[in-house]
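K.L.:
Have a look at this prediction, sequence included:
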Amino acid sequence: METTAFVRQTLQQAHVRLRATCEGLRDEQARWRPAPRSNSISFILWHIARVEDELVAAETAVPTLWQRHWHARLGHPLDTPSRDEREILLGLELPPLDDLRAFLDETYSECRGFLDTLTDPDLDRASRVWPGRPLATSLRHLATHKNNHHGQVDYLRGLQDQNWDLPPGTGVVLDD
């Protein structure tokens with residue numbers, strides 16, 4: 001198997017499982033926080049989409065989807081604070097879950113399009129996100145980032161519903 005195929009499958013599986021975790025979720029569940037300064041599922045989904053969008057845009061040297069249209073669609077200013085400005089971000093009005101899912105899906109689609117252009121030697125080229133490191137580092141970070149946050153979303157669902165579990169079939173191995 002080519003390494004790029006492995007990367008595509010890894011990110012596809014992360015996306016499929018994250019989306020499955022959101023199935024049947026209601027807006028009030030997505031906005032729920034176990035403590036006032038905790039992240040909600042909505043915030044985590046927004047964050048995942050923003051990180052994927054920023055990474056792919058940086059690596060492809062195109063404007064982010066956020067810059068192109070998602071900031072307006074979600075009702076946020078173009079210059080929404082960076083991910084590091086936690087206090088300001090916790091106060092943001094979070095959009096409906098359907099809009100967050102659509103943003104997440106479009107960022108993944110852009111990522112998939114980028115991944116489809118890569119060959120194995122491309123993984124060794126310099127990353128535009130982290131100069132001095134290979135592109136593989138950026139993609140590895142993206143995979144671990146999505147999986148870490150998927151675990152948080154799954155955990156928050158479980159805190160709200162003792163019987164929560166991923167829908168059947170979402171743990172299957174992809175053949176693509």
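P.N.:
Looks like it came in fine.
K.L.:
and the residue nearest the centre of the chain, helix, strand or coil?
P.N.:
Most central in the chain under Cα atoms, centre = their mean is residue 48, positioned 2.9 Å from the mean C-alpha point. Assigned with DSSP: H, G, I helix; E, B strand; the rest coil, residue 48 falls in the helix class.
K.L.:
From what I see, it and residue 146 are in contact.
P.N.:
Yes. At 6.0 Å, residue 48 counts as touching residue 146 under the criterion of Cβ atoms under 8 Å. C-betas here are computed from N, CA, C, even on glycine.
K.L.:
Give the residues shared as contacts by those two.
P.N.:
residue 18 (Cβ atoms under 8 Å, 6 or more residues apart in numbering).
K.L.:
and the longest helix for the protein?
P.N.:
Longest helix in the chain, counting residues (DSSP state H): helix 135-160.
K.L.:
what comes up buried for it?
P.N.:
Within helix 135-160, the residues that count as buried by 16 or more other Cβ atoms under 10 Å are 135-136, 138-139, 141-143, 145-146, 149-150, 152-154, 156-157, 160.
K.L.:
and what of stretch 69-77?
P.N.:
70, 71, 74, 76.
K.L.:
How about stretch 27-42?
P.N.:
Along stretch 27-42, these residues count as buried under the neighbour rule (16+ other Cβ under 10 Å): 29, 30, 32, 39, 40, 41, 42.
K.L.:
just checking, the fourth one touches residue 33?
P.N.:
Yes. With contact defined as Cβ under 8 Å, residue 39 reaches residue 33; the gap is 7.0 Å.
K.L.:
For this protein, give me the ranges with low pLDDT.
P.N.:
Filtered on pLDDT under 70, the chain yields the residue ranges 81-89, 168-176.
K.L.:
So which residues of it form helices?
P.N.:
Under DSSP H, the chain gives helices at 3-22, 27-31, 41-60, 65, 71-73, 86-90, 97-116, 135-160.
K.L.:
out of the ones you listed, nearest to residue 125?
P.N.:
helix 135-160 (5.3 Å; Cβ to Cβ).
K.L.:
now that closest one, how far from the chain's geometric center?
P.N.:
How far helix 135-160 lies from its chain's middle: 8 Å, per Cα atoms, centre = their mean, to the nearest Å.
K.L.:
That one to helix 3-22, inter-axis angle?
P.N.:
Interaxial angle of helix 135-160 relative to helix 3-22 (axes from the mean of the first three to the mean of the last three Cα atoms, to 10 degrees): 20 degrees.
K.L.:
which residues touch stretch 61-77?
P.N.:
Outside stretch 61-77, the residues touching it (Cβ under 8 Å, 6+ apart) are 46, 49-50, 53-54, 57, 78, 80, 92-93, 95, 99-100, 103, 106-107, 110, 128.
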